[in-house]
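Asks: Sequence plus the predicted model coming up.
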Amino acid sequence: MTKHQVFLGLGSNLGDREEIIRRAIALIHERVGEVVRQSSLIETAPWGFESDHPFLNGVILCETVCTPRQVLKTTQKIERELGRRKKSTVEGQKSKVEYADRPIDIDILLYDDLTVDEPDLKIPHPLMRQRDFVMIPLREIQS
């Protein structure tokens, strides 16, 4: 089976942020594929909304046999297991995003050199270049 490289962005601003990210990485390693690189975690202010809770953010590189859709479904399940209750959208408006505090957020940033443009799955992540909290850890682990 062909292995694919998927870069995932992780963020947490509720609860024991470092422990939640550690648990997310362990579950990704178990269910998505081998985590071969992991960036440092950086603390950042919330992006796109106001909150008193700063984020911890990092990026991992995972080798996977999963398709992008399988990676999405698996990471969303991991988010729910770790306490995430809803995705950041205004009810009934998928195009309008409303961000909120959350125990974990896992985003697919890159999957090989693939481009996907579906309503619920966009690769490369369309906002990653606007976000230092993604680009700094991503550059740290990209070869």
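Replies: That came in fine, so what should we check first?
Asks: Strands of the chain, residue ranges please.
Replies: Ranges of strands in the chain, per DSSP state E, are 4-12, 33-38, 42-44, 55-64, 105-111, 116-118, 121-123.
Asks: The fifth one to strand 55-64, inter-axis angle?
Replies: Using axes from the mean of the first three to the mean of the last three Cα atoms, to 10 degrees, the inter-axis angle of strand 105-111 relative to strand 55-64 is 50 degrees.
Asks: Between strand 4-12 and strand 105-111, find me the angle.
Replies: Going by the same axes, to 10 degrees, strand 105-111 makes 150 degrees with strand 4-12.
Asks: quick one: average confidence on strand 105-111?
Replies: Averaging pLDDT along strand 105-111 yields 96.
Asks: How about the third one?
Replies: Summarised as a single mean, pLDDT over strand 42-44 is 94.
Asks: for the last one, same thing?
Replies: Strand 121-123 shows a mean pLDDT of 95 in the predicted model.
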